[in-house]
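Engineer: Following is a predicted model, sequence given first.
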Amino acid sequence: MNTPDTLAITQRLNRRHFLAKTATSLGATALHSLMQDGATAQSPAQPRALQFTPRAKRIIYLFQSGAPSQFETFDYKPKLEQLTGEDLPDSIRQGQRLTTMTSGQSSFPIAHSIFKFAQHGNSGAWVSELLPYTAGVADDLCFIKSLKTDAINHDPAITFCQTGFQLAGRPSLGAWVAYGLGSLNRDLPSFIVMLSRGTGRAAGQPLYDRLWGSGFLPGKYQGVKLRSGADPVLYLANPAGCSTALRRDMLDDLRALNQEKYAAVGDPEILTRVSQYEMAFRMQSSVPELTDISDEPKHILDMYGPDVHKPGTYARNCLLARKLAERDVRFIQLYHMGWDQHNALPDHMSKQCKDTDQPSAALVSDLKQRGLLEDTIIVWGGEFGRTVYCQGALTSTDYGRDHHPRCFTIWLAGGGVKPGVTYGATDDFSYNIAESPTEIYDLNATLLHLLGIEHTQLTYRFQGRDFRLTDVHGRVVSDILA
Amino acid sequence: MKRLFLCLTTALWCAEPAFAVDFSRSIRPILSDYCFQCHGPDEKERAADLRLDTEEGIQYAFAGGDFADSEAWRRIQSDDPDEHMPPPEFPKKLSTGQKTLLEQWMKEKTPWAQHWAFEKPVRVEPADVSGVEHPIDRFIIDRLRQEGLRPSPPASRETLIRRLKFDLLGLPPTVDETAAFVADESPEAYEQLIDRLLESPHYGEHMAVEWLDGARYADTNGYQNDFKRSMWPWRDWVITAFNDNMPFDQFVVEQLAGDLLPNPSLEQRIATGFNRNHRTVTEAGSIQQEWLVENVIDRVETTATVFLGLTMGCARCHDHKYDPISQREFYQFFSFFHNVKEQGVYQEQRGNVAPLQPVLPDQDLRRLNDLRDRRAELEAKNKTLTAELPKMAAEWSAADLATTSTDKGIASQFRLNLAGGLNATLRDGAKKQPEKSAGDIGWVDSVFGKAAKFSGLHELSYGQAIGPDSDEPFTFTFWIKPDKMGSIVDKIDLELHSRGFDIYWQRDGRIEVHMIHSWPADALKVSTAEVNAVPKGQWSHLAISYDGSKKAAGCTIRVNGKSVPLKAEADQLKSSIAVHTPLRIGVKSRDRMFFGELSDLRYFDQALADEAVTTIANEGLTRVLSLAPESFSEQLTKDHESLYANFAQSDFSQQLRESRASLRKVRQDLSKLEAAQTVMVMEELSEPRQTYVLKRGEYDKPDKTQPVSAEVPSFLGSLPSAAKKDRLALANWLTADDHPLTARVRVNRLWQMLFGVGLVKTSENFGVQAEAPSHPELLDWLATEFVRLNWDTKALLKLIVTSETYRQSSVVTAEHLAKDAGNRLLARGPRFRLSAESIRDNALAVSGLLTKKIGGPSIKPYQPAKLWDELAGGAGEGPYEQSKGDDLYRRSLYIYRKRTVPHPATSTFDAPSFEICQVARARTNTPLQALALMNDVTYVESARRLAERMLNEGGDTDEDRLQYGFQLVTGREPTAKEIETLQSSRDRKEQLFANNLEAAKQFLGHGESKAAADVPPEQLAAYSAVASVLLNLDETITKE
């Protein structure tokens, strides 16, 4: 046993460490207010987790599912051209694990991007020719070129990005934000999800409900899918033969009978139920109004590109994302599938970029011209990067790339993020990080920070433990804060 | 000694300490919450070498209650930020109340005690409460009195029977059942009702729902493509076990270690599916070892949560922060589950993955026996016919060939006779030598004369002699006697997304044809649906035709002149399949080498019709007939006989073909039946895997200096040294009568099912961080009673539901809300929303739609269109195929559980995704639930059917009918005011629909069942709308 003196010293030494490792006070308050939610359900939930003045009120996350190659988009590696066809040096590979799709390959020939790069804007950002519109807004973007992840396959990697953990069971980023900050809108859910399928790879990687799930948080924080068909939210439309007037009439009956019941048994849960039916009724008009784009002027539609006329496309979803941002929805999550170019990369990548380039850039510009970019964070990125070496046959016009978790590029815009900068760098092979390694935890901590949340303080007690999105990790990347 | 209880989160009953402080219940929770992070079980994080989770450490820090000597007390009191504990940076501060508790505890010098849940339950008989008989009530009322509360009056008989039936069966009572119970004034009426319900086969279904959550049972493998699996025989085992009232200890042993019991029965093996319900990875590129470890960890976490109520997973990467479980002990526990004959990754494998247990449900047994009888019959018949075959074949003549209108085949564009030479004949008669020829083709004597024999190393290349594109029709014909799998005809560029086409013979006798622009997105692949369509070692004539449509439907494969069923494995060809790789016959590259004999290969630039194919085959057969069978070797004689059997038109050969085809069909049906019914089970490796502690929990960082073997955490004892330390020993240890956790955890979950919250609210965690039990003595009394009753679940449930506590009214008063909003003290009966399953089952039951069939494969009720497609785009198992007929209306327990896209009928109402173990569900109240109950076709159809019942069975007046409908959904009679609301509601709606008959008809058109035709549509629609209101009532979806 230590003497009291050394005990005191050791404890002092440990305090800073201690601070970084534990934070539970917010969890207790959050839990407490959660239990009160029933009573306050009539009004939009109040933020329970604001620690300091937020830079942003909402997030639009443009998730590029399948993992876009950094080589053909933003991470320009001119030296590779000479090295194409040569084996990746062992000094670079360092025996890191590979997927079993290429770990059996007898060679790892380097493949350079066959697409040209140029510098754009005052910031001089390198952007590939596949992304001309994105290049046009380069000065509004903040590129992180040194993001890395722990997972090497799609399912665990995308689950990690979106929930902070590789396995199922944790709340998604959007659910944490909805839980922490509550809703700003009485007529719409606070977390909305939209999906689109790329044209670059027909059988793309599937998505899973857990990516926008609430994990161990109450189910009301899970993302609500906004679908492209007749029923944009599941079961939103009245059944054929039931007019709005009839629905209103039925709801009035329902309310009368439920209130009668409340008078008899006194359970406040009944009043909550009544208010949820009223919210459902409001959604029946607010959602179709939201998904209707007939009021959008032509020049706005043109900004997003021709696909905007097709429901369910990435372009349409980007336009809807703007409308959701205008309506103060907290967390707007898009997924665009089809980025998984193991083979036929040049062909497929061109198509994927064409799907997403113009709408992504339009969203930035459109929010900016409406003054919404100031308090909206846009995130563009996938679940990992791709290998510098070729998967399958390498020809002068064709190649493929395997999964690469050790570095990839994403961009952020708006909401307190420094515009026109690049953060972090990779080596000449975009294989290892040369500068400012950034973990998924760090990205998530930074996003929460911009929303006014200290990531160590946003906790929820489950199984006797105070869980958080960033687990015991996470560092706010202060260099990219405006 | 009275004990003081402390509830940290709600601070409901932690007033001034008036009684002696109990260390375990009051002091440890403070230390755990405020100190264990740095002074707890985790050795690596421990500060100042001080631990407050042991008696010794506490003695040291608190100096046995000597305030002057206690360094801990000095620091708790200190104003100096460098000294104060917990440190200023720590996000939580000790409250005055907590400090007072600590002070009083030190004063009283209450001895250290183990965390309450880690000690054996101590049975304390309840205090005497005058006029109260039932032991549970004595515990509850004793406590209520201390808190200044009184129990509520009994619930009405109507409420009680509805509550009881939902609690035991998950279903509503019928109107008659309720009436009979209300009328039955005998004192035994309630007990008789309980007994009757516990005997119902639907009891097992309801009990299974809770168990399946914990066991993370589902119908898909849960990762990425989320392929279908078939674990329902295990689910049915659970239902049966509950219905048979299998003692809970046996229930545990069979699920954890049924396979290790002496001479395990089929059922005992099936039971072990519990530990195979975890997700399994098939994603391409995944690493075996990584996912093998995750499988085992899932078993550890699930087993620990379900049976022990421990969060053992927290010790995967480091020692547990709160509970005395070291990382090493975690891997010792891991070792129990590490010896399964399994893989970590099953490459794109669909269905169940080994180890498997074949099972056959009762309903298929008769069919199986029938098929076996039929097989024996056909085998005998075949034997007789086959005995006659040589004699008949010897007499085969040209007269026995199939007739065609011409005996001359259509001109081919490319023909390779392979009767001794390698030159091909082109359309114009020109000869073409092979451009390349690898290896020397072996020439063998065959029934056709010479034939070419490929032995894997041979490859004939004819350059660009032919090269059909995807929009051009073609036919290939040839005679083949295959030996080993390989590519017969091949013009594919593997370097270019496998572009081109090939014809491939699979080892199992299937022919596959690929036409590819880019695999798999832009490609077509068909194969013969049945195995052995082209059997090994026999001559067959093949004709493969394609009509240029880019569709699988445009492909035909004829075997011996007959078109065979095909399966399309890819059908999305859009682009060109032209490539510059040469046309190759036989392929020598690795994995594609062809072994077998080949004769007369022809290519046509059109899709040939039946007759043309017959003519071509006849040409070959004429050649066969031109040779003298007497001169044939034994092998050739056999080949000759087989051709006769396949082609001759004699009565005999036709009979033989029919008989052989029937036998083949019966055999296929049999093997399908046998293979389809498997369940994933536990099976031990004969050589156990060595387990090591994994550094930081990472699969690729075993600490070779720390090999471990199976053992239980030491704070809970150890396994008997004589026993083999395997899962069976673990299961026996878990179910020992004096185990501190197993019985407590189980009775708490049963309590949770009935009252909505367990006596320990954190039913998933009984560790140090658990919320203290609301009624600790009651918990222990119930746990010991459960063991005393030989783990009899039905008896325990009966014990609880016969209490006055359970039977109280659930009316909430202002006093309740003020003093005990969460109803933890039980001054009133439980009132909470029904489970997802019961909400749907209730609607189906009251509308008369419910099908009560028990067990079998999961079903697919109505689901919004494209729900799977929008996530998976056809990957995985393809589109959702809605069930038909009765299967649409089966209990929700049977709804197909697709983990990556849970069915919204259940997930909207807080059912889990079944990806991981979950032992308590949230109960939320959301607008999406309102939308589902209003608009999901399930509820719209149920409303219409309920309306029909109201009209048909409810009497002659609107009032009677509305009253009947109200009774059906709530189990009670409506008040006058309620009936008035319903009346005017109905009247308004009838008016509305009378003005718009088209709307009425539309409103009645939902669902697969048809609306009654004999009721005026405006009337039925009005009733349906009222019925929909009834199904949406808070009371309808609530257990009162």
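Structural biologist: Looks like it arrived, so ask away. Quick caveat, the model's predicted, so the values are computed rather than measured.
Engineer: could you point out where chain B is predicted with low confidence?
Structural biologist: In the prediction, chain B carries residues with pLDDT under 70 at positions B:1-20, B:348-349, B:361, B:588-591, B:874.
Engineer: so what are the domain limits for it?
Structural biologist: The record's domain split for chain B, according to automatic domain parsing, is B:23-113, B:409-630, B:935-1039.
Engineer: which stretch among these comes nearest A:L195?
Structural biologist: When the domains of chain B are ranked by proximity to A:L195, the top entry is domain B:409-630, at 18.7 Å, counting by CB to CB. For every residue, glycine as well, the C-beta is placed using N, CA and C.
Engineer: Tell me where the longest helix sits in chain B.
Structural biologist: Residue-count comparison of every helix in chain B, with assignments taken from DSSP state H, identifies helix B:362-394 as the longest.
Engineer: Check which helices and strands that helix is in contact with.
Structural biologist: Helix B:362-394 is packed against helix B:634-647, helix B:651-676, with contacts defined by 3 or more CB pairs under 8 Å, 6 or more residues apart in numbering or on different chains; DSSP states H and E.
Engineer: Take those and write them to JSON lines, including distance to chain A and mean neighbour count.
Structural biologist: Rendered in JSON lines, the data for the helices and strands packed on helix B:362-394 read as follows (distance: least, CB to the nearest CB, whole Å; neighbours: other CB atoms under 10 Å in any protein chain shown):
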{"stretch": "helix B:634-647", "distance to chain A": "39", "mean neighbour count": "19"}
{"stretch": "helix B:651-676", "distance to chain A": "25", "mean neighbour count": "15"}
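Engineer: can you put the domains of chain B in a markdown table and add mean neighbour count and distance to chain A?
Structural biologist: Conversion of those to a markdown table gives the following (neighbours: other CB atoms under 10 Å in any protein chain shown; distance: least, CB to the nearest CB, whole Å):
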| stretch | mean neighbour count | distance to chain A |
| --- | --- | --- |
| domain B:23-113 | 17 | 4 |
| domain B:409-630 | 19 | 4 |
| domain B:935-1039 | 21 | 3 |
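Engineer: so which of these comes closest to B:G222?
Structural biologist: Taking CB to CB as the criterion, B:G222 comes closest to domain B:409-630 out of the domains of chain B, the separation being 22.7 Å.
Engineer: how big is the angle separating the longest helix of chain B from helix B:651-676?
Structural biologist: Calculated by axes from the mean of the first three to the mean of the last three CA atoms, to 10 degrees, helix B:362-394 forms an angle of 150 degrees with helix B:651-676.
Engineer: and the helix or strand in which A:L62 is found, which strands flank it?
Structural biologist: In the assignment (DSSP states H and E), A:L62 maps to strand A:58-64. Neighbouring strands of strand A:58-64 in its sheet, by DSSP bridges, are strand A:331-337 (parallel), strand A:376-381 (parallel).
Engineer: Name the stretch among the ones you listed that sits most buried.
Structural biologist: Comparing the strands paired with strand A:58-64 by mean neighbour count (mean count of other CB atoms under 10 Å in any protein chain shown), strand A:331-337 ranks first with a mean of 27.
Engineer: Lowest mean pLDDT among the helices and strands, pick that one out for chain A.
Structural biologist: helix A:25-35 (a mean of 32; mean pLDDT, DSSP states H and E).
Engineer: quick revisit: turn the strands paired with strand A:58-64 into TSV, including mean pLDDT.
Structural biologist: Compiled in TSV, the strands paired with strand A:58-64 are given as follows (pLDDT from 0 to 100):
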stretch	mean pLDDT
strand A:331-337	97
strand A:376-381	98
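Engineer: Select, out of those, the one closest to B:T54.
Structural biologist: Of all those, strand A:331-337 sits nearest to B:T54, with 44.9 Å by CB to CB.
Engineer: Just the buried residues of whatever helix or strand comes next after the closest one, please?
Structural biologist: Following strand A:331-337 in sequence order, the next helix or strand is helix A:345-369 (DSSP H and E). Of the residues in helix A:345-369, those scored as buried under the neighbour-count criterion (16 or more other CB atoms under 10 Å in any protein chain shown) are A:345-368.
Engineer: Spell out which residues of the stretch 51-200 of chain A are next to chain B.
Structural biologist: A:97, A:99-102, A:152-155, A:167-169, A:189, A:195, A:197 (CB under 8 Å from any CB of the partner chain).
Engineer: Now the two most distant members of these.
Structural biologist: Using CB to CB, those reach their maximum pairwise distance at A:T102 and A:P189, which is 41.3 Å.
Engineer: Compare those two (neighbour count), which wins?
Structural biologist: A:P189 (27 against 19; other CB atoms under 10 Å in any protein chain shown).
Engineer: Let's check: the centremost residue of the chain is which one?
Structural biologist: The chain I'm using is chain A. Among the residues of chain A, the smallest C-alpha distance to the mean C-alpha position (CA atoms, centre = their mean) belongs to A:Y61, namely 3.6 Å.
Engineer: nope, chain B
Structural biologist: Residue closest to the average C-alpha location in chain B (CA atoms, centre = their mean): B:A218, at 1.6 Å.
Engineer: and the strands paired with strand A:58-64 as CSV, adding distance to B:E569?
Structural biologist: Converted to CSV, the strands paired with strand A:58-64 look like this (distance: least, CB to CB, whole Å):
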stretch, distance to B:E569
strand A:331-337, 22
strand A:376-381, 34
